[in-house]
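Peer 1: Provided below for reference: sequence and predicted model.
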Amino acid sequence: QWSDFKGEFGWRADTVGNVFVLSRNLPYISQSMMYVPELEIENPSIIDELVTFAKTNNPMFLRLEVLNQVDCDDAKKIRQKLKNTGFIKAFEELQPEHRQIIDLTQSEEDILQNMKEKGRYNTRLAQKKGIRIEITKGDDTQAPEKLKIVFDVYQKTAERKSISGRSYSYFEKLLESFKDEIVLAIAYSDTAPLAGSLTILHGGVASYLYGGSSSEQRQLMAPYLLHYEIMKYAKANGCSTYDLLAIA
């Protein structure tokens, strides 16, 4: 599914071993690039396999974004293997440099208690102020309308923070391709949407992909309650972890 989805936006997807390799043509030149966005190295031999595959296809470069923790037992071996193979450290990350993973096997109360004090306070404040969280599954008939609301707050957040964002057509294709796994959540104060998110539930993991918040009524702390309710929903639907991706 992900291969087909990325193919809609100019990428080609190949599989090397159990690794997903993306490639696309570079603009203005007759060469391509290869990119492995999330690589969990279980056996260092996969590095040699990827290099062999890349040399066969002759891209300008092969970029790996390695997920292994720097303090894992094999981290030194992996780093040395990458250096010996000829890889160099990129000057910036494309994927989030740090990941926040929430354990959803805890009770709902423990999830709340294990937040930092300020996060717990803000979550309860939003509850007291009457913030209402509405969660819609991607296959619901109302999902396209809810997607517009989520995209609107997402786009406003991107503009406010001066970051490049995805297009609405990207969101539409995402919903079309993964409607059975997508969850749209919106935080309201009365009828005004203050925050929204798009999350994918897959393989026991809830991944927060996109979202944002309004610049209005920020004192109501709507995003805190939004994430807490998503965690509760994901837990109730069989997820054991909540991955906040780029959100520290």
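Peer 2: Looks like it arrived, so ask away.
Peer 1: what's the most centrally placed residue in the chain in contact with, if anything?
Peer 2: Taking Cα atoms, centre = their mean, the centroid of the chain lies closest to Leu209, which sits 3.6 Å from it. Leu209 sits next to 174, 198-200, 245 when contact means Cβ atoms under 8 Å, 6 or more residues apart in numbering. Where you see a C-beta, it was placed from the backbone N, CA and C, and this is true even at glycine.
Peer 1: ditto for Pro27
Peer 2: Residues near Pro27 by Cβ under 8 Å, 6+ apart: none.
Peer 1: Give me the helices and strands touching the longest helix along the chain, please.
Peer 2: What stands out as the longest helix in the chain, according to DSSP state H, is helix 143-160. Packing partners of helix 143-160 (3 or more Cβ pairs under 8 Å, 6 or more residues apart in numbering; DSSP states H and E): strand 132-137, helix 168-177, strand 182-189, strand 192-202, strand 205-213.
Peer 1: which parts of the second one are buried?
Peer 2: Neighbour counts using 16 or more other Cβ atoms under 10 Å place 171, 173-175, 177 of helix 168-177 among the buried residues.
Peer 1: Mind listing what's buried along stretch 156-164?
Peer 2: Using 16+ other Cβ under 10 Å as the test for burial, stretch 156-164 gives 156-157.
Peer 1: Contact partners for Glu134?
Peer 2: If you count contacts by Cβ under 8 Å, 6+ apart, Glu134 has them with 146, 185-188.
Peer 1: Who is it paired with across the strands?
Peer 2: Taking DSSP bridges as the rule, Glu134 bridges to Ile186.
Peer 1: measure it to Lys148 for me?
Peer 2: Applying Cβ to Cβ, to the nearest Å, the value for Glu134 to Lys148 is 14 Å.
Peer 1: same deal with Ile102?
Peer 2: Applying Cβ to Cβ, the value for Ile102 to Lys148 is 28 Å.
Peer 1: Which one's more surrounded, these two?
Peer 2: Ile102 (22 against 12; other Cβ atoms under 10 Å).
Peer 1: okay, that one: pLDDT?
Peer 2: On pLDDT, Ile102 comes in at 95.
Peer 1: can you map out the strands along this structure?
Peer 2: Taking DSSP state E to define them, one finds strands in the chain at 12-16, 19-25, 32-39, 61-66, 101-103, 132-137, 182-189, 192-202, 205-213, 241-243.
Peer 1: Just give the strands next to the first one in its sheet, each with its orientation.
Peer 2: Think strand 12-16. According to DSSP bridges, strand 12-16 has these partners: strand 19-25 (antiparallel).
Peer 1: And the contacts of the partner strand?
Peer 2: 2-3, 6, 10-15, 31-37, 39, 46, 49-50, 53, 57, 59.
Peer 1: Drop anything exposed from these.
Peer 2: 6, 32, 34-36, 39, 46, 50, 53, 59.
Peer 1: want to throw those residues into CSV with pLDDT and distance to Ala236?
Peer 2: Converted to CSV, the buried ones among the contacts of strand 19-25 look like this (pLDDT from 0 to 100; distance: Cβ to Cβ, whole Å):
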residue, pLDDT, distance to Ala236
Lys6, 89, 30
Ser32, 94, 44
Met34, 95, 40
Tyr35, 94, 35
Val36, 93, 33
Leu39, 86, 32
Ile46, 92, 36
Leu50, 96, 39
Phe53, 96, 41
Pro59, 94, 44
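Peer 1: Return the closest of the contacts of Glu134 with respect to Tyr121.
Peer 2: Distance to Tyr121, by Cβ to Cβ, is smallest for Ala187 among those, at 16.9 Å.
Peer 1: got a pLDDT number for that closest one?
Peer 2: 98.
Peer 1: can I assume it is in contact with Tyr224?
Peer 2: No - counting by Cβ atoms under 8 Å, Ala187 stays clear of Tyr224, with 9.2 Å between them.
Peer 1: tally of neighbours for the residue nearest to Asp14 when sequence neighbours are not counted?
Peer 2: Nearest residue to Asp14, sequence neighbours excluded (Cβ to Cβ, 6 or more residues apart in numbering): Val21, at 4.8 Å. Using other Cβ under 10 Å as the criterion, Val21 is surrounded by 22 other residues.
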